[in-house]
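Novice: Test case, fold it:
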Amino acid sequence: MATTNKFIKRDPSTSKLFDERSLQRDYATLASLLKPGMQVLDVGCGTGAISKDIANIIGPQGQVTGIDNTGHFIESGKETYNDVENLELIHTDLFDFNPEEKFDLIVSARTIQWLSNPQEAIAKMKSMLKPGGWLSVLDYDHTALAWIPEPPLSMRRFYATFLRWRSDAGMNNEVAEDAKGFFEELGFQNIEVLNADEVYEKGQPDFEHKISIWSKVAAMNQIVEEGYISDADRLQAIEDYNQWIATDAKQMIMKLKETRGQNL
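Specialist: The predicted structure is shown next:
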């Protein structure tokens, strides 16, 4: 994720997790905007896994530039995707990035959720669009996460604490719901909101792997270090949640929406 909020400490070990992502699985709604020969900017590209899929679709006459302010993500992506000739990965912050050329399409997936100034970020992206260019933002409504059945109380308490921690840091837990309003206020036209919920059900090959995301989030020491939860409660949440995954978990739905608009 690029342009991450200054409060978030990024773990180098997560680099390869981003390599599991693909356009088809993790940004499927974008396909209708992609055309051969486009100049595309991917804001918050991580290691560039989705960026490289975009590059393959738009073809050799097109170009994808991926930016991320986490250096080890960019270095990992350069190594992994160095054979994709029409993909350039740059270590920079969105607000420091001032390219000479403007873009036909700017995309940003699961990134503005980490910002304390998402509307400013969208305005910055709009400034880099060509006339007629499109912006697509894909992100979560964390307040609408649904588990079936509910996980243990220890994890529910951790998750409530996680949302409070995010909110106190200035991050918008409902940014997927608010993005359309940001687009309207900034003068985008032809705005559309597309449902892209992530639905994981028991029996799917990657079910346990996917829903264990909250064990990984709870593994962050930062929330403990900042006094939001005790280490004992955090560790208990991980233990109880992992046991719930192994025995009772049936479904998890993460509410995800793509908001797109045209710069006219």
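Novice: which residues of the stretch 151-264 of the chain fall in helices?
Specialist: Ranges of helices in the stretch 151-264 of the chain, per DSSP state H, counting those that start in this stretch, are 153-168, 175-185, 207-211, 213-218, 222-225, 231-247.
Novice: pLDDT score assigned to the closest residue to Phe158 other than its chain neighbours?
Specialist: Closest residue to Phe158 apart from its sequence neighbours, by Cβ to Cβ, 6 or more residues apart in numbering: Ala237 at 3.9 Å. C-beta coordinates here come from the backbone N, C-alpha and C atoms, glycine included. The model reports Ala237 with a pLDDT of 98.
Novice: what's the helix or strand encompassing Met125 packed up against?
Specialist: Assigned by DSSP states H and E, Met125 belongs to helix 118-127. If you count contacts as 3 or more Cβ pairs under 8 Å, 6 or more residues apart in numbering; DSSP states H and E, helix 118-127 packs onto strand 39-43, strand 103-109, strand 129-140, helix 175-185.
Novice: Kindly recompute the last result at 6 Å.
Specialist: When contacts are defined as 3 or more Cβ pairs under 6 Å, 6 or more residues apart in numbering; DSSP states H and E, helix 118-127 packs onto helix 175-185.
Novice: Let me know the distance separating the residue nearest the centre of the chain from His142.
Specialist: The centre of the chain sits closest to Arg110, judged by Cα atoms, centre = their mean, with a distance of 1.5 Å. Distance, Arg110 to His142, by Cβ to Cβ, to the nearest Å: 11 Å.
Novice: The closest residue in space to Asn56 that isn't next to it in sequence: what secondary structure?
Specialist: Leaving aside its sequence neighbours, Asn56 sits nearest to Val84 (Cβ to Cβ, 6+ apart; 7.3 Å). Assigned by DSSP: H, G, I helix; E, B strand; the rest coil, the conformation of Val84 is coil.
Novice: Tell me, what's the model's pLDDT at Val84?
Specialist: 97.
Novice: So what does it have for phi and psi?
Specialist: phi -90, psi 100 (degrees, to the nearest 10).
Novice: Now for it, how many residues are close by?
Specialist: As a burial measure, Val84 scores 18 neighbours (other Cβ atoms under 10 Å).
Novice: Verify the contact between it and Ser51 for me.
Specialist: No: under the criterion of Cβ atoms under 6 Å, Val84 makes no contact with Ser51, lying 8.3 Å away.
Novice: mind checking how far Thr161 is from Trp214?
Specialist: Thr161 sits 12 Å away from Trp214, going by Cβ to Cβ.
Novice: show me what contacts the closest residue in space to Lys210 that isn't next to it in sequence?
Specialist: The shortest distance from Lys210 to any non-neighbouring residue, by Cβ to Cβ, 6+ apart, is to Tyr200 (4.5 Å). With contact taken as Cβ atoms under 6 Å, 6 or more residues apart in numbering, Tyr200 is in contact with Phe207, Lys210, Ile211, Met252.
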